[in-house]
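> Build the 3D model from these lines:
(one chain, ligands or ions: 1)
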Amino acid sequence: MRKYGLSLALALAGMGALALPAAGASATATSLPHLERRGEATQLIVNGRPFLMLAGELHNSSSSSLAYMKPIWPRLEAMHLNTVVTPLSWELIEPRPGQYDFHLLDGLLAQARAAHMHIVFLWLATWKNGMSSYAPVWVKRDTGKYRRVIVRGRPVEILSPFDRATRAADAAAFAAVMRHIRAVDGQRHTVLMMQVENEVGVLGASRDRSPAANRAFAGPVPARLLHYLETHKTRLNPDFLRYWRRQGEKTQGSWAQVFGQGARAGQIFMAWYYARYIQAVTAAGKAAYDLPMYVNTWLAGHGQPPGMFPSGGPEPFVQDIWRAAGHAIDIYSPDLYASNFSTWCRRYHVNGNPLWMPETTNGPAAAGNVFYDVGEEYGLGFSPFAIDTPFRYHLPHGREPWNFGAGGGYQLPTLAASYQMLAQLWPRIAERETHGQVRGFALNSWPGKTEFNLNGYRVHVSLDEIFGHRASTGFGLIMADGPNRFLGAGRGFKITFTSLKTGEPVGLAWVDSGHLRAGRWVPGRRLNGDEDEQGGAWRFDGMKMHLEKAEVYRMEK
Ligand code: DGJ
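Numbers count the residues shown, from 1 in each chain. So this is what the prediction gives:
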């Protein structure tokens, strides 16, 4: 068993799903894109089948013009993307109150379909990067009706989550968008998911000090929140739990009495009110068309106080507050540009929250990180930011390119190559991950190593090295492929196996390169000699991407 705390609801949902007819049967083929727990993984089901979003997020302003977008789609298709994550702004959808303009939305759908692509829309509405620049001008102008956050006594360019009029206007526009998507895409399923707002939270202070916010802060902490905290103590974020305990673990009182006076109290307070607002907007959208919906997070930098990063966004420290505030939001996601990629993935892949990476670093790092994300965390998909900017590659600092990869010259590690490989492997991954039989890794610095149990063996992965030549990065995944057999993909690493019972090394019976054609394994070269270290290690050299199968054996006594 791997690492999930399964809620009863998810478990029941998963059991129900498993009882459905086989993928492709009419009952599932017509269902909406939805999340489903299948064994050890939560999967996005599209047209009855698990779907892996091999995605990328556009620059913020690209999709505001269909003409600008036109030449971009074929480039993205050539990079093996199957999904584009694209802004859809409130200002362009509702230029005048109550008058909706869907021509951009319709045009983007048509362009995506022509390029055989799916879409995840970013509903940039009340907030984007903490600020409110994407709200329509009739909202921005009317500060009497649509009130602002107050920081150091002055209203700032951030709409206040305490304002019911703003919330109602945003929810109405979002519901109209979802009704329209249902009408034009309810049978096609080009649109897979919706992001509601973008990187929310107060910037410049830990909390809003508008009159409405001050009144709420002086009032009692809502009983619903405290009840949730009390009844979920065993699964609360450990840093949050420690903080609450240090404040006396009180179960009633004002915000300051329960959570203290400092910036953390402000962050917890804002988390509750942003969450209440966005849960309501999300619920309004879902009532119109029930697609999976998520909220993304601007992550705190090391040691930064709330306010330096948007205070109240669903950072791990306050994610439980968001969960206590409602059930409409399906996923909380990190926007992950930090170098400790796996640590942040694990912080979000907890308590039944599936990992969806809506924004992350592009370039060679992405080529490797996607293997960790999909292979190790069973991610729903991966989406580097600024995907419409051609990435300029630099040769890695290590010893590549060197010439011990028989069968072809050095190829740069690209996201396109990783996506192409994952697309080929996905049906196998989708099936194997439900049994917890897939592991992924991205090794970034010497001596990069990892090890784990899989298919009855201890698997030792390290950066590739032969005759003193070392790979400087390595990434890939490996899965069980029948008794004693493994299927692996990636580059720049090698694998040895030991017996789980004795700890003794286990031999390689054979290693084949190959590919999958319509899901069937087509073997290529038998790899031996230098290619498998004379039988000593299963090597995936750093020259290019590999797909290989291996069998291990134990000596009979
Ligand atoms: C994070 C935001 O969510 C994106 O929309 C974009 O502004 C990037 N930052 C810029 O790097």
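
> Write out the residues of the stretch 51-200 of the chain neighbouring the ligand.
Listed as neighbours of the ligand in the stretch 51-200 of the chain under the rule Cβ under 6 Å from any ligand atom: 60, 129, 198, 199. C-betas here are computed from N, CA, C, even on glycine.

> OK, contacts around the first one?
It stands for residue 60. Under the criterion of Cβ atoms under 8 Å, 6 or more residues apart in numbering, the contact partners of residue 60 comprise 87, 124, 128.

> Just the residues you listed: which are in helices?
Cross-referencing the contacts of residue 60 with the helices (criterion: DSSP state H) gives no overlap at all.

> top helix in the chain by residue count?
The helix of greatest length in the chain, counted in residues with DSSP H as the criterion, is given as helix 263-288.

> what comes up buried for that one?
Buried residues in helix 263-288, counted by 16 or more other Cβ atoms under 10 Å: 263-286, 288.

> Then stretch 355-375?
The neighbour-count criterion (16+ other Cβ under 10 Å) identifies 355-362, 364-375 as the buried residues of stretch 355-375.

> now do stretch 87-103
With burial defined by 16+ other Cβ under 10 Å, the residues of stretch 87-103 counted as buried are 87, 88, 89, 90, 91, 92, 93, 94, 102.

> Adding secondary structure, pLDDT and distance to residue 433, write these out as TSV.
Formatted as TSV, the buried residues of stretch 87-103 follow (DSSP: H, G, I helix; E, B strand; the rest coil; pLDDT from 0 to 100; distance: Cβ to Cβ, whole Å):
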residue	secondary structure	pLDDT	distance to residue 433
87	strand	98	31
88	strand	98	31
89	strand	98	35
90	helix	98	37
91	helix	98	40
92	helix	98	39
93	helix	98	37
94	coil	98	41
102	coil	98	37
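
> element containing the residue of the stretch 201-350 of the chain found nearest the ligand, please.
With Cβ to the nearest ligand atom, the shortest gap between the stretch 201-350 of the chain and the ligand falls at residue 335, namely 5.4 Å. Residue 335 belongs to strand 331-336 when assigned by DSSP states H and E.

> Could you pull up phi and psi at the residue in the chain positioned nearest to the ligand?
Minimum separation of the chain from the ligand (Cβ to the nearest ligand atom) falls at residue 199, amounting to 4.6 Å. Here is the backbone geometry of residue 199 (degrees, to the nearest 10): phi 50, psi 60.

> isn't it right up against residue 311?
No. Assessed by Cβ atoms under 8 Å, residue 199 is found out of contact with residue 311, at 11.6 Å.

> Between these two, which has more neighbouring residues?
Taking neighbours as other Cβ atoms under 10 Å, residue 199 and residue 311 compare with residue 311 leading, 30 against 21.

> Just list whatever residues bridge to the more buried one.
Residues found in beta-bridge contact with residue 311 (criterion: DSSP bridges) are residue 202.

> Check what pLDDT residue 555 gets.
According to the prediction, residue 555 has pLDDT 80.

> which residue sits closest to it, ignoring its sequence neighbours?
Computed as Cβ to Cβ, 6 or more residues apart in numbering, the closest residue to residue 555 that is not its neighbour in sequence is residue 507, at 6.9 Å.

> pLDDT at that neighbour, what is it?
Each residue has a pLDDT score; the one for residue 507 is 95.

> Now do the contacts for it.
Residue 507 makes contact with 535, 552, 553, 554, 555, according to Cβ under 8 Å, 6+ apart.

> other SSEs contacting the helix or strand residue 119 falls within?
Assigned by DSSP H and E, residue 119 belongs to strand 118-128. Strand 118-128 is packed against strand 53-57, strand 83-89, helix 90-93, helix 103-114, strand 154-159, helix 164-185, strand 191-198, helix 263-288, with contacts defined by 3 or more Cβ pairs under 8 Å, 6 or more residues apart in numbering; DSSP states H and E.

> so where's the stretch 351-500 of the chain uncertain?
Within the stretch 351-500 of the chain, the stretches falling below the threshold (pLDDT under 70) are 392-408, 446-447.

> Who are the contact partners of residue 276?
Residues in contact with residue 276, defined by Cβ under 8 Å, 6+ apart, are 161, 325, 326.

> if I look at it, how far off is residue 423?
When Cβ to Cβ, to the nearest Å is applied, the distance between residue 276 and residue 423 equals 40 Å.

> beta partners for residue 86?
residue 121.

> Go ahead and confirm it touches residue 118.
No. Under the criterion of Cβ under 8 Å, residue 86 makes no contact with residue 118, lying 10.7 Å away.

> ok so, going back, residue contacts, the residue of the stretch 201-350 of the chain closest to the ligand?
Taking Cβ under 8 Å, 6+ apart as the definition of contact, the neighbours of residue 335 are 199, 296, 297, 298, 299, 358, 359, 360, 385.

> Okay, and the beta partners of the second one?
Residue 296 has the following beta-bridge partners by DSSP bridges: residue 333.

> could we number from 290 for the rest of this?
In the new count, where the first residue is 290, that last one comes out as residue 585.

> Leaving out sequence neighbours, find the closest residue to residue 570.
In space, residue 570 comes closest to residue 460 once its chain neighbours are excluded; the distance is 4.7 Å by Cβ to Cβ, 6+ apart.

> Touching, the one you found and residue 567? I think so.
No. At 9.8 Å, residue 460 does not count as touching residue 567 under the criterion of Cβ under 8 Å.

> Where does residue 767 sit: helix, strand or coil?
Secondary structure of residue 767, reduced to three states by DSSP: H, G, I helix; E, B strand; the rest coil: strand.

> Okay, and the beta partners of the closest residue to it other than its chain neighbours?
Among residues not flanking residue 767 along the chain, residue 777 sits closest, at 4.2 Å (Cβ to Cβ, 6+ apart). Partner residues in beta bridges with residue 777, using DSSP bridges, are residue 767, residue 837.

> how near is residue 627 to residue 731?
14 Å.

> Between these two, which has more neighbouring residues?
Of the pair residue 627 and residue 731, residue 731 is the one with more neighbours under other Cβ under 10 Å, namely 26 against 15.

> ok, now how distant is the more buried one from residue 766?
The gap separating residue 731 from residue 766 is 10 Å, by Cβ to Cβ.

> follow-up on the earlier one: who touches the residue nearest to residue 767 in this structure?
Shown in contact with residue 777 (Cβ under 8 Å, 6+ apart): 765, 766, 767, 768, 784, 827, 829, 835, 836, 837, 838, 839.

> What pLDDT is listed against the last one?
In this prediction, residue 839 carries a pLDDT score of 98.

> That one - that's part of a helix, no?
No. Under three-state DSSP, residue 839 sits outside any helix and is assigned strand.

> which residues touch the nearest residue in space to it that is not next to it in sequence?
With sequence-adjacent residues excluded and distances taken as Cβ to Cβ, 6+ apart, residue 839 is closest to residue 800, at 4.5 Å. Applying Cβ under 8 Å, 6+ apart, one finds that residue 800 lies in contact with 815, 816, 817, 820, 821, 827, 837, 838, 839.

> switch the cut-off to 6 Å
Neighbour list for residue 800: 816, 821, 827, 837, 839 [criterion: Cβ atoms under 6 Å, 6 or more residues apart in numbering].

> swap in residue 323?
residue 334.

> if you set the cut-off to 8 Å instead, what comes out?
333, 334, 579, 580, 581.

> Give me the pLDDT for it.
Here, the pLDDT recorded for residue 323 equals 98.

> partners of it in the sheet?
Under the criterion used (DSSP bridges), residue 323 bridges to residue 334.

> again, but for the one 4 residues further on
The residues paired with residue 327 through beta bridges, assigned by DSSP bridges, are residue 330.

> Quick check: it touching residue 723?
Yes. Using Cβ under 8 Å, residue 327 is in contact with residue 723, at 4.5 Å.
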